[in-house]
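sequence? don't have it. structure:
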């Protein structure tokens with residue numbers, strides 16, 4: 001069962017979402033990101049996909065080749081990296097990274113935003129996804145007995 005990871009920095013949604021997919025803590029994911037010269041404050045982390053792809057690849061996670069337009073919650077794969085709160089600022093796209101999960105308990109979104117009371121969301125009508133990237137495999141690079 002996948003667990004949400006809360007972002008410890010205001011702009012750390014990408015690092016936290018990658019951590020949730022890989023089964024890591026935020027601190028572990030941030031260390032990997034730092035080694036790759038990726039920082040939560042770098043706007044490319046939430047306005048481009050290359051940094052997330054590189055970060056997840058180094059965590060042992062394989063993503064689909066292309067972003068796919070969101071059509072419906074039912075049409076999403078069982079595991080996907082999702083862009084919500086998509087907007088243009090000075091002609092540049094920005095979004096908030098979350099993780100969509102469909103498992104034995106049903107469908108939910110793992111939202112890393114620190115101010116939320118619940119990070120496992122099922123209020124799908126409130127979220128406005130723009131597109132998603134399918135997660136092909138999500139095997140952790142660390143031992144599963146590590147606690148979060």
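Sure thing, it's come through. Keep in mind that this is a model prediction, so the values were computed, not measured. Numbers count the residues shown, from 1 in each chain.

Can you give me the distance of residue 64 to residue 7?
In this view, residue 64 and residue 7 are 23 Å apart by Cβ to Cβ, to the nearest Å. (Each C-beta comes from the backbone N, C-alpha and C, glycine too.)

the more surrounded of the two?
Counted by other Cβ atoms under 10 Å, residue 64 and residue 7 do not tie: residue 7 has more neighbours, with 25 against 15.

Show me where the chain dips below the pLDDT cut-off.
With pLDDT under 70 as the threshold, the chain has low-confidence stretches at 139-148.

What segments of it are strands?
Counting by DSSP state E, the chain has strands at residues 61-63, 68-69, 79-89, 92-103, 106-110, 120-121, 131-138.

If you count contacts, what does the first one end up packed against?
To tie it back to what came earlier, the one meant is strand 61-63. Packing partners of strand 61-63 (3 or more Cβ pairs under 8 Å, 6 or more residues apart in numbering; DSSP states H and E): helix 13-22, helix 50-58, strand 131-138.

nearest to residue 99, of the ones you listed?
Ranking those by proximity to residue 99 (Cβ to Cβ) places helix 13-22 first, at 5.1 Å.

how far does the closest one sit from the chain's center?
Relative to the centre of its chain, helix 13-22 is centred 5 Å away, using Cα atoms, centre = their mean, to the nearest Å.

Can you list the buried residues in that helix?
13-22 (16 or more other Cβ atoms under 10 Å).

Then stretch 40-57?
40, 45-46, 49, 51-53, 55-56.

got a list of contacts for it?
With contact meaning Cβ atoms under 8 Å, 6 or more residues apart in numbering, stretch 40-57 is reached by 7, 9-15, 17-18, 21-22, 29-30, 32-33, 36, 38-39, 63, 67, 81, 92-97, 133.

Quick one, which of the residues you listed are buried?
7, 12-15, 17-18, 21-22, 29-30, 32-33, 38-39, 63, 81, 95-97, 133.

And the helices and strands packed on strand 61-63: which comes nearest residue 72?
strand 131-138 (11.2 Å).

Give me the angle between the closest one and helix 50-58.
Relative orientation of strand 131-138 versus helix 50-58 (axes from the mean of the first three to the mean of the last three Cα atoms, to 10 degrees): 10 degrees.
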